[in-house]
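Visitor: need a structure here:
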Amino acid sequence: MRPDPAQRPKRLSSQDLAALLAEDRARVLEQFTVSRETLARLDRYVDLLVTWQTRVNLIAASTIGEIWTRHVADSLSLERRLPPFQRAVDLGSGAGFPALVIASARPGATVDLIESNAKKAAFLRTVQRETGLCGTVHAARIEDCGAALASADIVTARALASLDQLLGFVAPYIAPSARCFFAKGRSHEQEINAATAHWRFSMVKHESELEDGSVVLEIGDIAPR
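Guide: Got it, this is the predicted structure:
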């Protein structure tokens, strides 16, 4: 599904980038069905990301031409796994994946984002404002956002920290009924084994349809050993 990185030019003109992104978008829309309203929000989000990327390092420069297949698709894949919820909290949101994609697909829900970097937090707020998404951007460290986590039905994270660390972030705050959905790569078994040394938890492993060996771990009932 994803284009070969070796085939991407190192420097792209705005016209070349627009053409790459149009092809990239089409690949994702072949696999994921989204409403017209959701797609409009995602299009505006990607436009803002490309604009802001010129002055704020939001994503790896090497992935700028594959925002849809590398970032949006991963986020939509995670969103598919989520049950209905009223409030989600995303940890270490960075450029907004998966949180802003989830919010775009679930406009009736509230999605809060925790991002300590002030410039990235400003970008996230801009996307929320211009796409009409519900939620608060917390420009703070995760450990200072206990009240937000305590109100969450769902907690998400992508490419942030090890499973052991993620459980340490959320365990002191989240409600017993809350579920965590953490996107993990091919080393997830090692992360699970390391986490079980310090934590007890229930787990459902959702295999990725996008990349062999990648998963979304659905975690609940977290307690220290």
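
Visitor: which residues are contacting whichever strand or helix holds residue 157?
Guide: Following DSSP states H and E, the helix or strand that holds residue 157 is strand 154-158. The contact list for strand 154-158, computed with C-beta atoms under 8 Å, 6 or more residues apart in numbering, reads 74-75, 78, 82-83, 85, 87-92, 97-99, 102, 149, 166, 170, 174, 178-183. For every residue, glycine as well, the C-beta is placed using N, CA and C.

Visitor: just the strands in the chain please.
Guide: 87-90, 110-114, 137-138, 154-158, 179-184, 199-207, 215-224 (DSSP state E).

Visitor: Mean pLDDT and distance to residue 68 added to those strands, as CSV?
Guide: Formatted as CSV, those follow (pLDDT from 0 to 100; distance: least, C-beta to C-beta, whole Å):
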stretch, mean pLDDT, distance to residue 68
strand 87-90, 98, 19
strand 110-114, 98, 20
strand 137-138, 98, 23
strand 154-158, 97, 15
strand 179-184, 98, 16
strand 199-207, 97, 21
strand 215-224, 97, 19
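
Visitor: and the ones you listed as a markdown table, adding distance to residue 32 and mean neighbour count?
Guide: As requested, the strands of the chain are exported to a markdown table (distance: least, C-beta to C-beta, whole Å; neighbours: other C-beta atoms under 10 Å):
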| stretch | distance to residue 32 | mean neighbour count |
| --- | --- | --- |
| strand 87-90 | 19 | 26 |
| strand 110-114 | 18 | 25 |
| strand 137-138 | 25 | 22 |
| strand 154-158 | 16 | 25 |
| strand 179-184 | 16 | 24 |
| strand 199-207 | 15 | 14 |
| strand 215-224 | 15 | 17 |
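
Visitor: Please identify which of these is closest to residue 62.
Guide: Evaluated with C-beta to C-beta, the strands of the chain place strand 154-158 nearest to residue 62, the distance being 17.5 Å.
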